[in-house]
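Novice: Generate coordinates for the sequence data below:
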Amino acid sequence: MSKFYLLVLIWNLMSNLVMSQEMTKAEMATYNKFLSDQKRLWDDLFKNYDATVSAIYTLHKSQWINQNTTIHPPITELTLTMGMLKLVDVVEVEEKIVFLFDYIAQWTDHRLKWNPLEYGGISHMYVPQKQIWLPEITIADAHEVKFFESDDAPRTAWVHYNGSVGFYTATVSSVICQLDVFKFPLDEHECGVSVLFHTYFPNEYVIKSGMEQIGKPMSELGNGEWKVTYVGVSELKSNDPNLGSVQRFVARFQRNPGFYVALVMIPAFFINLLSIIALFLNIEDIGEKITVGLTNIMAMTFILVILAAEMPKTAKLPLLAIYVIVGLVIVMTSIVVALILPGIRKYQEKKRKSEGEGKTGKETRIQKLYNWLRIEYVLMFIFQVANLDEYVEILLASGAYMLFDEHIVATYDKFLADQKRLWDDLFKGYDPTISAIYTLHKSQWINQNKTIHPPITELKLTMAMLKLVDVVEVEEKITFLFDYIAEYTDYRLKWNPLEYGGISHIYVPQRAIWLPEITIADAHEVKFFESDDAPRTAWINYNGTAGFYTSTVSSVICQLDVFKFPMDQHECGVSVLFHTYFADEYEIKGVMEPLAKPLSQLGNGEWKVTYIGVAEEDISDSANIGSTQKFIARFQRNPGFYVALVMIPAFFINFLSIIALFINIENVGEKITVGLTNIMAMTFILVILAADLPKTARIPLLAIYVIVGLIIVMASIAVVLILPFVRKYQKKNKNIQEEQKLDKNSWFGKFWKWIRIEYVFMFIFQVANFVNFIILFMFNLFVLICTLMSGFVMSQEMTKDEMATYNKFLADQKRLWKDLFTDYDSTLSAIYTLHKSQWIDQNTTTHPPITQLTLIMAMLKLVDVTEVEEKVTFIFDYSAEWTDHRLKWNPLEYGGISHIYVPQKQIWLPEITIADAHEVKFFESDDAPRTAWINFNGTVGFYTSTVVSVICQLDVFKFPMDEHECGVSVLFHTYFADEYGIKGEMEKIEKPLSQLGNGEWKVSHIGVAVQPAGNADYAATQRFIARFQRNPGFYVALVMVPAFFINFLSIIALFLNIENVGEKVRKDRCRGVFVRSDRGRRTSLKQYFIEQITVGLTNIMGMTFILVILAEDLPKTARIPLLAIYVIVGLVIVMSSIVVVLIIPVVRKYQKKKKNNSKQKFGESSKFERLCNWIRIEFVLMFIFQAANFINFIILFL
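Specialist: Numbering: from 1, shown residues only. Next up, the predicted model:
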């Protein structure tokens, strides 16, 4: 044991020697000199260096200098070198591709040059990226970009002695790419990450790209599903002269089809193979052919369930969907041929007998070959070849640093000096926290008649991109890539280019200037792509016009009418407004620059964009709120996925079911089996549909199509169940028999004998099925024609008098700001805490009033309800107002200024708590902080848009007819109740109640209530309430109606044909059915029991598939919801029916045995006895159980 401890000790000593890394004195001296030289170099480089001042040279096309005599330096060159491009994921429906994208960015900043001989030979050094100016790099068409950074460990850049600067960045980039999935699952695509400089003019920079050797082989750059075949770099030239070229880092990748071949194509091939064999063997049995067809469709529907989650919902049907549909067509054609052949053969045999009866002779070899090689085997071979050919066809379908001369260096150095001087002059007294909004237009503290006001602030929003990413119908949430340019005028940032070397514009970080607070209305989520190390950039023109380019992923809530699903068309967009400022202080205008992409590339796989435009809308009756600019997209769904995987299979299922019902009509038991099989197959289709079908009040067309299909089949079943009884009654009625005597030789007699009534009904129901299929397309015949709104040129110049007024306003506002915030500390609370202090004399102290907080609800829109978690999500917008007596002033002392706008971070804010909150999202950016307003009387306030998920107690007993009340509860939990008062109010909501719910939920009431606190230390809670009820149409159509019909048919199947148990039956050769007779075989009691239990198991299986649809939405609560009770009671009714029908034959057998043993003499039966014989006990019980099933269905609505 001691040897072991000795080894451990030696190992630790060796480890310490390795890790300590001691230096010799000479090494330490060299290292210390290096540190000293590097510190001296750092001090000299960054002494006058300002990382917020751009290194971009902007005089190449300046009109304020003599271009003929000026020798310009070369434009800034940015080199992007790709270090890694690895495919992570492909989401076909959203056309979203996720890459690991690592790159190196390099450029030259001539301010960071030095002579290595003067600094101990140091040729390069490493600095934090925040220490230097960084160009703003934009990744185009990005859905999301993740940077891996930490405040504790900022990212690093390198600087070379010749001014070359660079850094390495690792990102996870999700980009939107146009995908052609026609060859799915043998498809191949090309996509990549596009990088551009959208902020700068193209004559000021050049962007170049390269690719270093990737450290991984191609086989490791894909994932399990996708194989990368090529990685490279290309350049895209822009048609817009204001935009430079785009560097595109490209990956080409193809899908590994093994999963789909193994789980879809091979099973489908063998299912069709066996089905065709089954159809052409024993061809005379027609009933079995129909059963084979229905079983084939059911099996293919199982395959579609596997396929539905992965199949892209695109306009062009993928090959795999075509493969499934063609397979269905082949089997349907086989069934039709198999149904026709027996009739043709029967006719030929009858003709042969009538022509050559009695003639016999020796058969020739050809006749023997013809008899051995039957036509059905030839046809079977043909269809098998077609099946194999289709299978084979789909498999084959895949088919530097630059040296300057002295003149150039002088020009660039002069530009840097002029830009530095301009920067110092502009921002010397500039404070970005002070608003540029002029607030005196309607001030009551100045003489309006004698004051010449400057024009109101004008904000111009130019839409550069509006690309549809995703549509979530249930939440009515639409996600866009929304890129825009914001331009406005800040008159503090004007200069004369002639005084600054002709510089007409400069680039600055957005944080360096005042930015207007831009609000996206009805937003569920807004993502900005920004990094702390590389802040976003703005530009400033000499006339005071400032602007910036922003890329966002905006998820907005829109009212969707999905009645025409899957042929629906919608209009939605991104609404932008200024909610913080008064309407008379600003003007907002929206324009649209020519889109870089055609409309065909602005949708996704499922949705096609037909129109992009801009509109102005007044969303409020309040004079304090200005208009809203709405950037609109009109888009329609590509219905191919639903046509292929839902409508066509449903049509064929009904088509075969109707044929099966009206052929061999005397066999009642088979008809019920066909009906149950039909509903089960349709339920499989509903499983595919359930995830995508919106749960709206208006049942979509596709759900109506399925329900009408069920009704057609149910009506067919009712007819085929009634026809045998009618025929039996007619046969017994002698009068009718006399009327039916026809001359068999007449043409009418022959026609009546050939055309039976069941074939007429079959034709009628098939026509109804076809009309139901076709009518769905008739709702998509109109086309909306819209024109794009034209843009405008922004110009906002002032006269001298207006400029004088504005300059005086700025001076007064600056003086007011200084006086207000000189001794103001935003970390010190404005709450007065002495009201109940025991350390002062309360009798002699006059206390100020307690702080009053007013919360005004501006919006409460229901977004989503998650019953299982009891989580309700709202868009909750509110204004908060309170008084901070430190922020009072006399408007007369400050030029009549009655209110100002400040960043929220500048003032003390009360801590507002949303009770029972699961999640609260605020939409804010570090570069554009949220704004507050301050009135001269000390009233402070701000407007906030949030998405709030709160926990509410939900009573879902009446599901899906349930109604709930929930809301957002706001309180001050930090402060004592005697120190503040909270008051909730509600301004007029701009939208009607019908637009405050979503597809599944309808809002019936919005209000405010006070909820008293149980603890005396806490004040009452303000509760902003919404009352909402569920739209049950989805569950009625996809759960209740199918469940009712399943039980309806099951009960009929159980109680029909019960009298045949134990009776002798014989086969009627003419009609091909069994009839009761004194001679023949008996239907055994054991066989009867097996048949009834089979019906029960089939019923349970059908109900189980319905529960698959229901499982995700059914709340798992202590009280079982009504819909679950409905399903359970339905099962109990069917189980009770099974018990009864199993007992009846035993009781009847006992009664018959007892009657045979008795010595009764039977005479003519009375009318009552005949009525009892006609109305048998099983029909009475069937009626009772059907009534129970119907009451169970109706009572759910009551």
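
Novice: Report all helices and strands that the longest helix belonging to the chain contacts.
Specialist: The longest helix of the chain (DSSP state H) is helix 319-356. Applying 3 or more C-beta pairs under 8 Å, 6 or more residues apart in numbering; DSSP states H and E, one finds that helix 319-356 contacts helix 266-280, helix 286-308, helix 375-396, helix 648-662. The way it works is simple: take the backbone N, C-alpha and C, and place the C-beta from them, glycine included.

Novice: Worst mean pLDDT among those?
Specialist: Note on those: helix 375-396 shows the lowest mean pLDDT, a mean of 61.

Novice: Can you identify the element that follows that one toward the C-terminus?
Specialist: helix 406-427 (DSSP states H and E).

Novice: What residues of that next one count as buried?
Specialist: For helix 406-427, the neighbour count (16 or more other C-beta atoms under 10 Å) marks Ile408, Thr411, Tyr412, Phe415, Leu416, Asp418, Gln419, Lys420, Leu422, Trp423, Leu426, Phe427 as buried.

Novice: Equivalent analysis for stretch 437-444, please.
Specialist: Under the neighbour-count criterion of 16+ other C-beta under 10 Å, stretch 437-444 has Ile437, Tyr438, Thr439, Leu440, Ser443 buried.

Novice: Okay, and which of the residues you listed map to strands?
Specialist: Counting by DSSP state E, no part of the buried residues of stretch 437-444 is found in strands.

Novice: So which residues of the stretch 401-550 of the chain form strands?
Specialist: Here the stretch 401-550 of the chain has its strands, by DSSP state E, counting those that start in this stretch, at 457-472, 477-494, 505-509, 519-521, 523-528, 537-541, 543-557.

Novice: The second one versus strand 523-528: what angle between them?
Specialist: Between the axes of strand 477-494 and strand 523-528, defined by axes from the mean of the first three to the mean of the last three C-alpha atoms, to 10 degrees, the angle is 50 degrees.

Novice: Flag the shaky bits of the stretch 1051-1198 of the chain, pLDDT-wise.
Specialist: 1056-1088, 1090, 1108-1117, 1157-1175 (pLDDT under 70).

Novice: Tabulate the buried residues of stretch 437-444 (TSV), appending pLDDT.
Specialist: Listed next are those as TSV, based on pLDDT from 0 to 100:
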residue	pLDDT
Ile437	84
Tyr438	83
Thr439	82
Leu440	81
Ser443	81
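
Novice: what about Ile699, distance to Ser234?
Specialist: From Ile699 across to Ser234, the span is 49 Å (C-beta to C-beta, to the nearest Å).

Novice: Among these two, which residue is more densely surrounded?
Specialist: Ile699 (21 against 13; other C-beta atoms under 10 Å).

Novice: Double-check the more buried one against Tyr1035; I have them as touching.
Specialist: No: Ile699 is beyond contact range of Tyr1035, at 10.6 Å (criterion: C-beta atoms under 8 Å).

Novice: Looking at the strands of the stretch 401-550 of the chain, spot the one closest to Tyr980.
Specialist: The minimum distance between Tyr980 and the strands of the stretch 401-550 of the chain falls on strand 519-521, with 27.7 Å, by C-beta to C-beta.

Novice: Spell out, range by range, the helices that occur in the stretch 1051-1198 of the chain.
Specialist: Ranges of helices within the stretch 1051-1198 of the chain are 1085-1111, 1122-1157, 1167-1174, 1177-1195, based on DSSP state H, counting those that start in this stretch.

Novice: Can you tell me which of the ones you listed is nearest to Phe959?
Specialist: Closest among these, using C-beta to C-beta: helix 1122-1157, at 5.4 Å.
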